[in-house]
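*Asks:* The following comprises the amino acid sequence and a computationally predicted model.
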Amino acid sequence: HEWAYLAGFVPLELFVSVVHPHLLSPRLPFLPLLATSVYCAVGVHYCTGLAYAFWAQQRQRPDIVEEGGRRGQGAAKPD
């Protein structure tokens, strides 16, 4: 899915560079900044969710090596 997000920058750049200056520039001067910011915020939230899912998946596995180099006998887990 990351490739689709990165590919979405192409239409965004076309909008910011071509469409907006010719059609909407006088009425909505900050629209390119808003569109770019919202698009990037979606990507940041997606990556944060992906990192959290990876962290949660690793935390549930008892066979991962934790502190001390022993399997499954690392730091105490909170209840």
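*Replies:* Nice, I can see it.
*Asks:* Please state the backbone phi and psi of Arg27?
*Replies:* Arg27 adopts backbone torsions of phi -90, psi -30, taken as degrees, to the nearest 10.
*Asks:* What does the pLDDT read for it?
*Replies:* Arg27 is assigned 88 on the pLDDT scale.
*Asks:* And it, how far from Ala53?
*Replies:* Distance of Arg27 to Ala53, given as CB to CB, to the nearest Å: 41 Å. Quick note: C-beta positions are derived from backbone N, CA and C, even for glycine.
*Asks:* just how off-centre is the helix or strand harbouring Ala35 within its chain?
*Replies:* Taking DSSP states H and E as the criterion, Ala35 maps to helix 31-60. On the basis of CA atoms, centre = their mean, to the nearest Å, helix 31-60 is displaced by 2 Å from the centre of the chain it belongs to.
*Asks:* Give me the below-cutoff pLDDT ranges for this structure.
*Replies:* Within the chain, the set of residues satisfying pLDDT under 70 comprises 62-79.
*Asks:* any idea how far Pro11 is from Ser17?
*Replies:* From Ser17 to Pro11 the distance is 11 Å (CB to CB).
*Asks:* Could you do Glu2 as well?
*Replies:* Taking CB to CB as the measure, Glu2 and Pro11 are separated by 16 Å.
*Asks:* With Phe30 instead?
*Replies:* 19 Å.
*Asks:* So the two - more neighbours on which side?
*Replies:* Ranked by neighbour count (other CB atoms under 10 Å), Phe30 and Pro11 place Pro11 first, with 11 against 8.
*Asks:* any idea how far Glu30 is from Ser37?
*Replies:* Just so we're on the same page, residue 30 is Phe rather than Glu. From Phe30 to Ser37 the distance is 10 Å (CB to CB).
*Asks:* likewise Pro21?
*Replies:* Pro21 sits 18 Å away from Ser37 when distances are taken as CB to CB.
*Asks:* repeat for Trp3
*Replies:* 22 Å.
*Asks:* So between the two, which is more surrounded?
*Replies:* Neighbour count, other CB under 10 Å: between Trp3 and Ser37, Ser37 has more, with 11 against 7.
*Asks:* So that one versus Glu2, what's the distance?
*Replies:* Computed with CB to CB, the distance linking Ser37 and Glu2 is 19 Å.
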